[in-house]
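>>> here's a sequence, model it:
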Amino acid sequence: MQSFGPYLKKHTELLVKDVGIEKACELTGKSKATLGRYYADHDEHADRFIPVDAVAALEQVSSYPHVTSALAELNGITLSFEQRRDNSSNKGGVNSDVVALSQRFAMLMSEYHQSIADGVISANEARRLLRETLALQQVLVDMKLHLEDETV
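Alright, predicted model coming up:
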């Protein structure tokens with residue numbers, strides 16, 4: 001198996017489980033067994049990967065583009081995933097960005113503190129940390145855009 005195989009299979013499994021196996025079967029037209037083969041780590045399924053059209057169908061309804069982001073990471077590409085749930089629709093300037101940045105950083109540190117309390121960061125805890133990191137990244141992107149607007 002290629003070195004990226006297990007990584008892609010892990011993210012395929014996350015995608016299918018995010019959507020739900022029954023709904024994934026319905027959306028892709030594949031059986032449970034076929035979908036399971038796409039993320040199975042057994043040697044006989046090492047060369048089986050989920051088709052791109054199936055990934056597209058599943059990622060339209062998933063909470064996160066698991067496979068797309070994995071492919072991007074493998075190629076050194078950074079994606080911007082925007083699914084914000086802001087408390088307000090205020091599109092303030094740099095000052096509000098600084099406040100949002102400090103709030104997001106505090107949330108990330110809180111998640112980290114909770115995650116590392118037992119000495120191990122579980123997969124669920126890592127996903128929560130990733131979500132907070134992405135939210136923090138989005139605040140930085142907003143801040144960058146506001147700063148660029150002010151220099152024009």
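>>> quick check, residue 74 in contact with residue 7.
Yes - with contact defined as Cβ atoms under 8 Å, residue 74 reaches residue 7; the gap is 6.9 Å. For the C-beta atoms, the positions are set from N, CA and C on the backbone; glycine is no exception.
>>> distance check, residue 105 against residue 72.
Per Cβ to Cβ, to the nearest Å, residue 105 is found 24 Å from residue 72.
>>> mind giving me the domain split of the chain?
5-74, 94-151 (automatic domain parsing).
>>> flag the shaky bits of this protein, pLDDT-wise.
Applying pLDDT under 70 to the chain flags the ranges 1-2, 80-91, 152.
>>> so the residue nearest the centre of it, which state does it fall into?
In the chain, the residue lying closest to the centroid (Cα atoms, centre = their mean) is residue 64, at 4.7 Å. Under DSSP: H, G, I helix; E, B strand; the rest coil, residue 64 falls in the coil class.
>>> pretty sure it contacts residue 18?
Yes - counting by Cβ under 8 Å, residue 64 touches residue 18, with 6.7 Å between them.
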